[in-house]
Structures are given as structure tokens and as C-alpha cells.
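**Student:** would you be able to build a 3D model of this:
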Amino acid sequence: MEALKKAISAFVNAFKIEDLRKKLLFTLGILIIYRVGSHITIPGVDSTVLAEYFRNNNSFFGLYDSFTGGAFAKATVFALGIMPYITASIIIQLMGSVIPAIQVLQKEGQEGRAKLNQYTRYFTVALAALQGWGVSVWLSALKVTTATGAGVSVLLEDFSSGAGNIGFRFLATLTFTTGTIFVMYLGEQITSRGIGNGISLIIFAGIVGSLPRAILGELEMLKEGIQPLAIEIFILALVVAIIAFIVFVEQANRRIPLQSPRRVVGRKVMGGQSSYLPFKVNTAGVIPVIFASSIMFVPAMIASWFPNFSWAQSFASAFMPGHITYSVIFGSLIIFFTYFYTAIQYNPNDIADNLKKSGGFIPGIRPGKKTAEYIDHILTRISLPGSMFLALISVGPLHLKDALNMSFYIGGTSVLIVVGVALDTLRQLEAQLHTKNYEGFLKRGRIRGRMAS
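**Tutor:** Numbering: from 1, shown residues only. The predicted structure follows:
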């Protein structure tokens with residue numbers, strides 16, 4: 001309750017400051033554009049027939065669709081969402097550990113990051129084209145079984161022939177690729193001119209956008225007597241418990257005590273104060289889950305290229321959410337990416353050098369190499385429960401969905417991303433609020449100084 005009041009107070013105060021108000025409205029406007037594009041179906045697809053397929057089939061595209069806010073299930077211009085960009089980012093970062101040229105760029109600061117971002121954009125276009133072609137092939141071959149037992153194609157009559165299918169595939173691939181490029185552009189605009197991380201907020205908007213549909217689906221099941229009231233109450237309590245657990249772990253941190261040396265300057269004694277170096281239990285945030293999720297979409301993408309081959313469909317079915325193979329690999333990837341991303345974000349040697357230069361030290365630990373080893377030891381130990389938490393909260397609810405016969409994913413992954421992005425955005429908003437207040441204090445101080453003189 002206190003956190004909710006704090007969030008509301010932060011937004012109210014932000015709208016009182018013109019600069020922050022513009023950034024918030026700009027971010028909101030970009031997200032509205034994204035949601036509008038998520039409802040524009042590409043030419044040649046009967047969205048009602050496709051929606052019927054997703055209602056009646058536990059497709060391996062279901063989790064992907066939850067990240068796009070229902071855009072994939074409608075075959076819209078933003079059907080691929082931002083996932084090709086995330087996959088490209090993962091591959092570029094992984095290449096940095098084996099290719100010296102990319103390692104050099106990663107250490108060149110702002111200029112190096114700009115070049116890597118450009119390479120990531122080019123790679124995103126290639127991945128989006130490949131995924132777009134695979135989805136178009138899957139759509140052109142998809143037949144939906146109706147209540148009468150007849151197989152209905154999702155394509156309209158203009159694309160029913162073989163030649164028409166080729167035309168549809170090229171058109172769909174071009175549309176999907178262009179949509180992904182535009183979504184990537186929208187995310188970058190939010191990061192540079194709005195509030196928060198644009199890519200994360202795009203995923204956040206997609207997940208939240210699918211929430212009303214999930215609620216209506218559960219209410220419909222309750223109304224028709226498919227789902228008992230007791231189960232619905234249990235599901236609601238379970239969702240609240242998952243959210244509370246995620247918020248609790250997200251706020252938890254390990255504090256390493258720091259001490260600054262005392263210095264005598266004139267007649268004053270400076271320093272000698274105690275502080276701490278905080279490390280979150282979940283050091284990597286939601287990034288490992290997003291990275292692992294994008295990797296787990298690859299089997300489904302490959303299977304979509306071969307819709308008429310049974311081996312491809314059997315291979316992809318083993319990677320459906322809820323399957324034991326999916327759970328084991330997904331959980332393992334999350335643990336791997338937690339350690340990988342933590343190693344990228346935190347360099348113990350750099351932290352130790354910065355402490356040494358500032359004169360700070362950890363009580364009982366010698367500065368320099370010993371401090372770096374101690375910080376590395378702490379990060380290694382704290383990353384294990386953090387990674388296990390991410391794996392549990394991402395894999396466990398997928399099995400609960402099947403056990404409780406739910407119409408939507410209870411969304412350990414989705415809830416984690418929503419909570420993580422919301423908390424991160426609020427932190428950035430609070431930081432900017434403190435900056436604006438501090439600047440205002442300085443401005444008033446200058447004015448008073450001039451008046452006094």
C-alpha cells in the first residue's frame with residue numbers, strides 16, 4: 001500500500017514539472033501507437049479464423065503471443081514484436097566473448113556502443129525477415145477445423161491459390177519485417193526522449209495489453225460453468241501471491257559494508273563515515289528471462305518453416321510451454337543468462353579500483369585484488385538464489401496453467417517482466433524528480449545570493 005502511494009505521488013509530482021510531463025506524455029503516445037499497430041491485421045488474413053485456431057489449440061506460439069499483446073494471434077503488422085531485436089542483442093553480446101573485434105568495441109565507451117547498436121539493428125532486420133518468412137509459410141499452410149469439422153484456411157480468397165500463396169508470403173514477410181523495424185525505432189525513441197527503457201516498456205505494453213482479454217476469458221469460463229468459482233478465487237489469490245513474492249525478491253539486496261578513511265583538513269576531520277555497497281538478490285533483473293524466452297522461440301520458428309514435415313512439428317512440440325523438455329531447457333537458460341549478464345554488468349576489478357581511488361575500503365578486506373576477489377565471491381553466491389528465483393517464477397506457473405485449466409498463462413514470466421519494468425521505470429522517474437528538485441534548489445540559491453549582494 002505504501003509503495004502504491006509512493007508511485008502515485010511520483011507521477012503526480014512529475015506532471016507538475018514541464019520537462020518530465022513532456023517525457024511522460026511522449027512515452028504514453030509512443031505506447032499508444034504501438035498498441036494501435038498491434039490491432040492492424042496484415043492483408044490477406046482472416047483474423048477471426050486465426051483467432052479460432054488460437055482459442056482451440058495450445059500452440060507453442062501462445063507464450064510469444066503474450067509478449068506481443070495478442071498481435072501475433074491476429075497476424076498484425078507488429079506480430080513479431082520486439083523479439084527479433086532482443087535475439088539479435090543476445091547474439092551480439094555472446095559474440096563479444098569470442099570475437100576480439102567486438103570485445104574491443106565493447107570497451108570503447110559511447111562510440112563502441114553506437115557501432116554495436118548499429119550492427120544489432122542490421123542483424124535484427126535479417127532475423128525479422130527469417131522469422132517473418134517462417135510465419136508467412138505457417139499461415140499459408142494453416143487449416144482451422146471448425147465446429148462442422150471442415151478445414152478453413154486463414155487466408156482470404158485472393159491468396160487461396162499456390163501463386164497467391166507466394167505473393168502472400170512475400171507481402172507478409174515484408175510487412176512483418178517493417179513492423180519489427182518500426183517497433184525497434186519506437187523503443188529507441190522512448191529510451192532517448194521519454195522515461196524508462198524503451199525496449200522493456202514495449203514488452204511491458206504488450207503484456208499489459210493482453211490482460212483485459214485474459215480477464216474476460218476467465219469471466220466467460222466462470223459464466224458458462226466451465227471453471228468453478230472456488231478455482232477462480234484460488235487463481236486470483238495465486239496471482240496476488242506471485243506478484244507479492246516477485247516484489248519482495250526484487251527489493252531484496254545484499255549490503256557490503258564500506259568505510260572511508262579519516263582525513264584532517266585544516267581544523268576539520270573529514271571522512272570516517274560508514275556506508276554500504278548494495279547488490280540486489282536478483283542482480284540481472286528481467287533480462288535473463290527475456291533472453292531465454294527469445295531463445296526458446298527458435299524451435300517454433302524453425303518448425304514454422306516446415307509446416308508439412310511431421311518431424312519438425314514433433315521437434316517443436318517438445319518445446320511447448322508446460323512440456324518437461326521446455327521447462328528444463330528454459331530454466332537452465334535463465335540460470336546461464338543470469339550469470340552471464342551479471343558478469344557483463346558488474347566487473348569486480350573495476351569496482352575494487354574505484355573504491356581504491358576514492359579511498360574507500362571493505363572492513364577486514366585488503367584493497368585491490370583481495371577486494372575484487374571478495375566482491376566476485378559475493379556476486380557468484382548471490383546470483384545463485386537470484387537465478388533460481390527467476391527460473392522458478394518463470395517455469396512453475398506454466399505447469400499451473402494446465403493443472404488449473406486456465407484460459408491464459410498465469411504468467412510468472414509476464415508478471416516478472418511487468419513488475420521489474422514498472423519498478424525500474426519508477427526508480428528512473430524518482431531519480432529525475434530528485435534531480436529537478438535539486439536544480440530548483442540551486443536556482444533559488446543563486447537568486448537569493450544575487451538579492452543579498
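**Student:** okay, domains of this protein per the record?
**Tutor:** Structural domains assigned to the chain are 26-209, 211-410, following automatic domain parsing.
**Student:** most packed of those domains?
**Tutor:** Most buried of those, by mean neighbour count (mean count of other Cβ atoms under 10 Å): domain 26-209, with a mean of 18. Every residue, glycine included, has its C-beta placed from N, CA and C.
**Student:** which of the three states applies to residue 195?
**Tutor:** Local secondary structure at residue 195 is given as coil here, using DSSP: H, G, I helix; E, B strand; the rest coil.
**Student:** give the contact list for it.
**Tutor:** Contacts here follow Cβ atoms under 8 Å, 6 or more residues apart in numbering; on that basis residue 195 touches 20, 23, 24, 27, 425, 428, 429, 432.
**Student:** from those residues, which ones fall inside helices?
**Tutor:** Judged by DSSP state H, helices contain the following of the contacts of residue 195: 20, 23, 24, 27, 425, 428, 429, 432.
**Student:** contacting residues for the nearest residue to the last one once chain neighbours are set aside?
**Tutor:** The reference is to residue 432. Distances taken as Cβ to Cβ, 6 or more residues apart in numbering place residue 20 nearest to residue 432, at 6.0 Å, with adjacent residues excluded. Contacts for residue 20 were tallied using Cβ under 8 Å, 6+ apart; they are 14, 195, 429, 432, 433, 436.
**Student:** need the next SSE after the least confident helix or strand in the chain by mean pLDDT, C-terminal direction.
**Tutor:** The helix or strand with the lowest mean pLDDT-type score in the chain, counting by mean pLDDT, DSSP states H and E, is strand 268-271 (a mean of 58). Next along the chain after strand 268-271, taking DSSP states H and E as the criterion, comes strand 274-280.
**Student:** picking up where we left off before, which of the ones in helices among the contacts of residue 195 are buried?
**Tutor:** The neighbour-count test (16 or more other Cβ atoms under 10 Å) marks 20, 23, 24, 27, 425, 429, 432 as buried among the ones in helices among the contacts of residue 195.
**Student:** identify, from these, the entry nearest to residue 343.
**Tutor:** Proximity of these to residue 343 (Cβ to Cβ) peaks at residue 425, which lies at 25.2 Å.
**Student:** roughly how far apart are residue 153 and residue 282?
**Tutor:** Separation of residue 153 from residue 282 (Cβ to Cβ, to the nearest Å): 45 Å.
**Student:** hang on, the earlier thing: lowest pLDDT pick from the buried ones among the ones in helices among the contacts of residue 195?
**Tutor:** pLDDT across these is at its lowest for residue 432, which sits at 76.
**Student:** ok, now which ones touch it?
**Tutor:** With contact set as Cβ under 8 Å, 6+ apart, residue 432 has these partners: 14, 20, 195.
**Student:** can you count the residues close to the first one?
**Tutor:** Residue 14 is flanked by 19 other residues according to other Cβ atoms under 10 Å.
**Student:** which helix or strand contains it?
**Tutor:** When secondary structure is defined using DSSP H and E, the element that contains residue 14 is helix 2-16.
**Student:** just the strands in the stretch 1-150 of the chain please.
**Tutor:** 143-145 (DSSP state E, counting those that start in this stretch).
**Student:** kindly report the same for the stretch 251-400 of the chain.
**Tutor:** So, for the stretch 251-400 of the chain - with DSSP E, counting those that start in this stretch - the strands run 253-259, 262-265, 268-271, 274-280.
**Student:** pick out the shakiest of those, pLDDT-wise.
**Tutor:** It's strand 268-271: among the strands of the stretch 251-400 of the chain, that one has the lowest mean pLDDT, namely a mean of 58.
**Student:** can you give me the distance of the residue nearest to residue 432 to residue 429?
**Tutor:** Taken as Cβ to Cβ, the span from residue 20 to residue 429 is 7 Å.
**Student:** touching both of the two, which residues are there?
**Tutor:** Shared contacts of residue 20 and residue 429, defined by Cβ under 8 Å, 6+ apart, comprise 14, 195.
**Student:** could you list the low-confidence segments of the stretch 51-200 of the chain?
**Tutor:** Per-residue confidence of the stretch 51-200 of the chain (counting by pLDDT under 70) places the weak regions at 56-63, 143-152, 156-164.
**Student:** I meant the stretch 301-450 of the chain, not that one.
**Tutor:** Residues of the stretch 301-450 of the chain that meet the criterion pLDDT under 70 lie in 301, 304-305, 307-308, 313, 322, 398-413, 436-450.
**Student:** list the contacts of residue 233.
**Tutor:** Counting by Cβ under 8 Å, 6+ apart, residue 233 makes contact with nothing.
**Student:** that one: what secondary structure?
**Tutor:** Secondary structure for residue 233, judged by three-state DSSP, is helix.
**Student:** residue 176 contacts residue 125, doesn't it?
**Tutor:** No - Residue 176 sits out of contact with residue 125 when judged by Cβ atoms under 8 Å, with a separation of 11.3 Å.
**Student:** let me see the ranges of the helices in the stretch 101-250 of the chain.
**Tutor:** In the stretch 101-250 of the chain, helices defined by DSSP state H, counting those that start in this stretch lie at 110-141, 162-193, 198-209, 211-223, 229-251, listed in chain order.
**Student:** could I get those as a markdown table with distance to residue 369?
**Tutor:** What follows is the helices of the stretch 101-250 of the chain, written out as a markdown table (distance: least, Cβ to Cβ, whole Å):
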| stretch | distance to residue 369 |
| --- | --- |
| helix 110-141 | 27 |
| helix 162-193 | 37 |
| helix 198-209 | 36 |
| helix 211-223 | 50 |
| helix 229-251 | 32 |
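**Student:** please report how far the nearest residue to residue 201 once chain neighbours are set aside lies from residue 23.
**Tutor:** The shortest distance from residue 201 to any residue other than its chain neighbours is 5.7 Å, reached at residue 190 (Cβ to Cβ, 6+ apart). The gap separating residue 190 from residue 23 is 9 Å, by Cβ to Cβ.
**Student:** so what sits against both of these two?
**Tutor:** In the contact map built from Cβ under 8 Å, 6+ apart, no residue is linked to both residue 190 and residue 23.
**Student:** sorry, back to before: any chance of the domains of the chain in a markdown table, plus distance to residue 416?
**Tutor:** Compiled in a markdown table, the domains of the chain are given as follows (distance: least, Cβ to Cβ, whole Å):
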| stretch | distance to residue 416 |
| --- | --- |
| domain 26-209 | 10 |
| domain 211-410 | 6 |
